[in-house]
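Colleague: need a 3D model of the following:
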Amino acid sequence: MVDISLKKNERQPWPSDPHEEGKGHAPAKLLLIEDDDSLAEEVVEDLRGRGYDVSRAATGPEGLEMARTGEHDLLVMDRMLPGLDGLSILETLREQGMTMPVLVLSALSAVDDRISGLKAGGDDYLTKPFVMEELAARLEALLRRPIYGRASMLKLGPLEMDLLERRVRREGREIELLPREFRLLEYMMRRPNTVLTRTMLLEDVWNYRFVPRTNLVDVHIGKLRRKVDKEGEEALIHSIRGAGFCLRVPE
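Modeller: Residues are numbered from 1 along each chain as shown. Down below sits the predicted model:
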């Protein structure tokens, strides 16, 4: 059995440009899970030409097995797959603590379908048909997300977050979070005492390329606050009127 947490902890920072091979960086390793042979061949050929190290799986079970190794920096996955659908794969990976960015491909373009993909733990959602330039641009954006070294624990005031085991505690009290709540809290813990606007959160946590008219951030902040700030505890998550939200650390 592969030790997933060890592989994640040993992962080297991604290059800002996959073409930086030969400049001290290994090419970014990408896993494509796509059952359409024609499309998969086109995507693999194009991305390899851009400097990526690309592997491909043609079925859901095969893709899940390959993704579980923890050897890939990025996952590109079709939503509708034989044997096991993409969202089930995604939810399984997130439940097991896999944190690599995931871009979901789908012919389903309705807003509800895109939201379902993001709620399942996807970092971005691209509808078919698409042009390779857009896919490549989205992948580069995902790979540019900062890597924070080898630290596996975040500690901020009374909060402790284990990034490998995906566990959060407040002064010993276990806080059970859904994948999106975990990511939202991690984002805030990395930026303490900083006002975070709704636009920032939508772009960086949900990876939206536009700012929709939605109360998505407010709903998730409300749920997160009820779990982090229990009655009788000092409030850590604050709403800043007209600006956004802030995680304030007690002095």
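Colleague: C-alpha only now, for contacts and for neighbours.
Modeller: Noted.
Colleague: next, the contact list for Gly63, please.
Modeller: Ile33, Arg56, Ala57 (Cα atoms under 8 Å, 6 or more residues apart in numbering).
Colleague: reformat those residues as a markdown table; add distance to Arg183.
Modeller: Converted to a markdown table, these look like this (distance: Cα to Cα, whole Å):
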| residue | distance to Arg183 |
| --- | --- |
| Ile33 | 24 |
| Arg56 | 27 |
| Ala57 | 27 |
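Colleague: can I have the buried ones of these as a PyMOL selection?
Modeller: The buried residues among these can be selected in PyMOL (16 or more other Cα atoms under 10 Å) with this line:
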select buried, resi 33+56+57
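Colleague: which of the contacts of Gly63 fall in strands?
Modeller: Of the positions in those, Ile33, Arg56, Ala57 sit in strands, assigned by DSSP state E.
Colleague: surely the last one and Ile33 touch.
Modeller: It stands for Ala57. Yes. Assessed by Cα atoms under 8 Å, Ala57 is found in contact with Ile33 at 4.7 Å.
Colleague: hang on, the earlier thing: could I get the ones in strands among the contacts of Gly63 as CSV with pLDDT and distance to Phe130?
Modeller: Shown next, in CSV, are the ones in strands among the contacts of Gly63 (pLDDT from 0 to 100; distance: Cα to Cα, whole Å):
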residue, pLDDT, distance to Phe130
Ile33, 96, 16
Arg56, 96, 19
Ala57, 95, 20
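Colleague: out of the residues you listed, which one sits closest to Leu224?
Modeller: Ile33 (32.3 Å; Cα to Cα).
Colleague: ok, now which ones touch that closest one?
Modeller: Arg56, Ala57, Ala58, Thr59, Gly60, Gly63, Leu75, Val76, Met77, Asp78.
Colleague: these in strands, which ones?
Modeller: Arg56, Ala57, Leu75, Val76, Met77, Asp78.
Colleague: so where do the helices sit in the stretch 151-251 of the chain?
Modeller: 179-189, 198-204, 216-228 (DSSP state H, counting those that start in this stretch).
Colleague: sorry, slip of the keys, the one I care about is the stretch 1-150 of the chain.
Modeller: 4-10, 37-49, 60-67, 86-95, 111-119, 132-143.
Colleague: which of the helices of the stretch 151-251 of the chain sits closest to Leu142?
Modeller: Nearest to Leu142, of the helices of the stretch 151-251 of the chain and by Cα to Cα, is helix 198-204 at 9.8 Å.
Colleague: just to revisit the earlier point, turn the helices of the stretch 1-150 of the chain into a markdown table, columns for distance to Leu184 and mean pLDDT.
Modeller: Converted to a markdown table, these look like this (distance: least, Cα to Cα, whole Å; pLDDT from 0 to 100):
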| stretch | distance to Leu184 | mean pLDDT |
| --- | --- | --- |
| helix 4-10 | 20 | 32 |
| helix 37-49 | 30 | 94 |
| helix 60-67 | 23 | 92 |
| helix 86-95 | 14 | 85 |
| helix 111-119 | 12 | 70 |
| helix 132-143 | 16 | 88 |
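Colleague: just put these in CSV and tack on distance to Leu236.
Modeller: Conversion of these to CSV gives the following (distance: least, Cα to Cα, whole Å):
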stretch, distance to Leu236
helix 4-10, 28
helix 37-49, 43
helix 60-67, 36
helix 86-95, 26
helix 111-119, 24
helix 132-143, 29
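Colleague: among those, which comes closest to Glu160?
Modeller: Using Cα to Cα, the helices of the stretch 1-150 of the chain put helix 4-10 closest to Glu160, at 17.5 Å.
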